[in-house]
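1. the sequence and its predicted three-dimensional model are supplied below.
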Amino acid sequence: MISVIGIGKVGAAFAFLAAYSSIDDLVLVNRTKNKAVGELLDVVNTVPQKSKISIKATDDISDVKDSEVIVITVGGGVIKEDRNDLIPFTSPIISSLAKELRKYASKSKIVVVTNPVDVMTYQLLQETGFSKNQIIGMGSNLDSSRFRYLLAKSQNVNQVQIEGTVIGEHGPTMVPLFSLSKVMGTKIELNKEKMMEITLELRNYWKNLHAYKGASVFGAAKHAFDIVEAIVKNNELSISSSVLLDGEYGHHDVCVGVPVIINKNGVKKINEYSIDKTESDLLTISANRVKEGIKKISN
């Protein structure tokens, strides 16, 4: 069983992907039951004819019991400068959910989409006491997709021909790994000015998206779904996601995006890629910024 907590636009888009793929029974949880029911009435129309999936809408958090994976997409507040503006709004929600998850979902894998995702992933880990392989923040895998799109434009190719990874926070200090970027297996060579241009465009991608249509919906839902599908189907998925570091890349006691392998157990492994000194220094800046956000968590 898969549960989605928070049925806003991202939660609804995720529900569509899960229902259409028929990967498991699905529970839609929202504090306003009518909202969950409304999305259910829409989502059930996407279920393939031979599917055996069942979908439930509820405002009762205890219905997530025995979920293999839980996706948290709850939100609150308005971003003025960056995602850390949301901490006073989303931190109390995560804290409340942590209490319920300890009661009903101690063995579940949890995918955090709520922003600021690195801070919220850390808070959920601390307040649930779950193992670090259980909780995965969806952020830098979305950023990596955006990075590949921007690299593809610079190389005048389709983005599926690009290899590119982003690490660090899902925010203004994210770190694109130009040293490891490739097009059709060949390293991409860019001058410093072009790298700075792409980095700035990547970090401001959400602002451009917001100006045209609002927050990311399909991108966020798709990358959360990729993680869930890997867990449910036990497919090994290599992506960048926010997880708790314990010495990897030289950092401790912080959640930031790093390359990981996901499987049925959640985070199977953190891959420590060989990155250049500039990227390593930028990752330190990014990790420190997440730590500053962690200090703002409500108690």
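-> Received it, and whenever you're ready, just let me know what you need.

2. isn't Phe178 right up against Ile188?
-> Yes - assessed by CB atoms under 8 Å, Phe178 is found in contact with Ile188 at 7.2 Å. Every C-beta, even on glycine, is put in place using the N, C-alpha and C of the backbone.

3. of the two, who's got more company?
-> When neighbours are counted by other CB atoms under 10 Å, Phe178 and Ile188 differ, and Phe178 comes out ahead with 23 against 19.

4. number of nearby residues for the closest residue in space to the more buried one that isn't next to it in sequence?
-> Spatially, and ignoring its direct neighbours in sequence, Phe178 is nearest to Met195 (5.3 Å; CB to CB, 6 or more residues apart in numbering). Met195: 16 surrounding residues under other CB under 10 Å.

5. same thing with His252?
-> Neighbours of His252 (other CB under 10 Å): 10.

6. same question for the one 10 residues further on.
-> In terms of burial, Ile262 registers 28 neighbours under the definition other CB under 10 Å.

7. now it: which helix or strand?
-> Using DSSP states H and E, the element containing Ile262 is strand 252-263.

8. mind listing what's buried in that strand?
-> In terms of neighbour count (16 or more other CB atoms under 10 Å), strand 252-263 has its buried residues at Val254, Cys255, Val256, Gly257, Val258, Pro259, Val260, Ile262, Asn263.

9. how about the nearest residue to Lys132 once chain neighbours are set aside, secondary structure?
-> In space, and not counting its chain neighbours, Lys132 is closest to Leu244: 4.1 Å by CB to CB, 6+ apart. For Leu244, the secondary-structure state derived from DSSP: H, G, I helix; E, B strand; the rest coil is strand.

10. can you read off the pLDDT for Leu244?
-> Model confidence at Leu244, given as pLDDT, is 98.

11. thinking Ile188 is in contact with Ala152, fair?
-> No - Ile188 is not in contact with Ala152 according to CB under 8 Å; the separation is 10.2 Å.

12. which residue ranges make up each domain of the chain?
-> Here the domain assignment for the chain is 2-137, 140-294, based on automatic domain parsing.

13. highest mean neighbour count out of those domains?
-> domain 2-137 (a mean of 20; mean count of other CB atoms under 10 Å).

14. gap between that one and the chain center?
-> A distance of 12 Å separates the centroid of the chain from that of domain 2-137, by CA atoms, centre = their mean, to the nearest Å.

15. okay, how far is it across that domain, tip to tip?
-> Using CA to CA, to the nearest Å, the end-to-end distance of domain 2-137 comes out at 17 Å.

16. same question, stretch 47-66
-> Where stretch 47-66 begins and where it ends lie 23 Å apart, using CA to CA.

17. pLDDT on that stretch, on average?
-> The average pLDDT within stretch 47-66 is 93.

18. so which of the buried residues of strand 252-263 comes closest to Leu237?
-> Ile262 (4.4 Å; CB to CB).

19. quick one, what contacts that closest one?
-> Counting by CB atoms under 8 Å, 6 or more residues apart in numbering, Ile262 touches Ile136, Ile227, Ala230, Ile231, Glu236, Leu237, Ser238, Ile239, Ser241, Lys268.

20. gap between the second one and Ser179?
-> With distances defined as CB to CB, to the nearest Å, the gap from Ile227 to Ser179 amounts to 25 Å.

21. tell me, what's the model's pLDDT at Gly247?
-> pLDDT, Gly247: 96.
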